[in-house]
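# I would like the atomic coordinates for the input below:
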Amino acid sequence: MADIDANVAEQADGTVTETTGTDQANSPEETSAEIARLRADLAKSKAALDKATKEAGDAKKALRARQSAEEQAADAKQEELEELRRQVEELTKDRTVATTSKTIFAFVQDENAANTIANALYGANDIDAALGALSKAWLAKEKALKLEYGKVPAPGVGGSDGPSITREELDAMTLSKRIEFANAHPDDYNKLLGR
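Got it, this is the predicted structure:
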């Protein structure tokens, strides 16, 4: 098989071309023989799989034949219970996802994004996908708000009369909050410091 891979290349359009290798070159007869051998191996493997599947089916039939009517009824009841459990789990998931989606929709205002996030969050099976979808929805909402309202100052910051926080409030802030405030509102920060 390695010889075939080294000497035959499949093009993007599906055509097969033979390439020349410096270390090994197979003739068309050798390649055909290798393909025939591989097909024979595949046929043997398929026959073995079919035989094993048939034997498993026969064994299941034989087991059912040996079982009493009570045992067969118990097996049928067990299968029915498993199906009911599966349905309950599916309904529970649907209800949980719908509730979560409704909550998320209140924030992102996009039904598809809310459903994607809720499904990803169910059972915490794909947190990265949920966070990615949430980030994407949030950025879309932010963009829509900027288009709708233009540049809006953060609530409680600045105004025509000057900064809305006092020097005491600024002094009470942690260093990280002061830096954040200074970066977000440099004019207000400078006014508060008397610069």
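# how near is Leu175 to Phe181?
Noted for Leu175: a distance of 11 Å to Phe181, by Cβ to Cβ, to the nearest Å. To be clear about C-beta, it is placed using only N, CA and C from the backbone, and glycine gets the same treatment.
# higher neighbour count, those two?
Regarding Leu175 and Phe181, a neighbour count based on other Cβ atoms under 10 Å identifies Phe181 as having more, with 20 against 7.
# just checking, that one touches Ala172?
No - counting by Cβ atoms under 8 Å, no contact exists between Phe181 and Ala172, whose distance comes to 11.6 Å.
# now the common contact residues for Leu175 and Phe181.
Here Leu175 and Phe181 share no contacting residue, scored by Cβ atoms under 8 Å, 6 or more residues apart in numbering.
# who are the contact partners of the most centrally placed residue in the chain?
Taking Cα atoms, centre = their mean as the criterion, Ala129 is the residue nearest the geometric centre of the chain, at 5.2 Å. Contacts for Ala129 were tallied using Cβ under 8 Å, 6+ apart; they are Thr116, Ala120.
# ramachandran angles for it?
Backbone torsions of Ala129, given as degrees, to the nearest 10, read phi -70, psi -40.
# give me the distance between it and Ile117.
Distance, Ala129 to Ile117, using Cβ to Cβ: 8 Å.
# now do the SS call for Ile165.
Ile165 carries the three-state label coil when classified by DSSP: H, G, I helix; E, B strand; the rest coil.
# check the gap between Asp75 and Ser176 for me.
Taking Cβ to Cβ as the criterion, Asp75 is separated from Ser176 by 65 Å.
# repeat that for Ile117.
29 Å.
# so which of those two has more stuff around it?
Neighbour totals were compared for Ile117 and Ser176, and Ile117 leads with 28 against 8 (other Cβ under 10 Å).
# doesn't that one fall inside a helix?
Yes - secondary structure of Ile117 (three-state DSSP): part of a helix.
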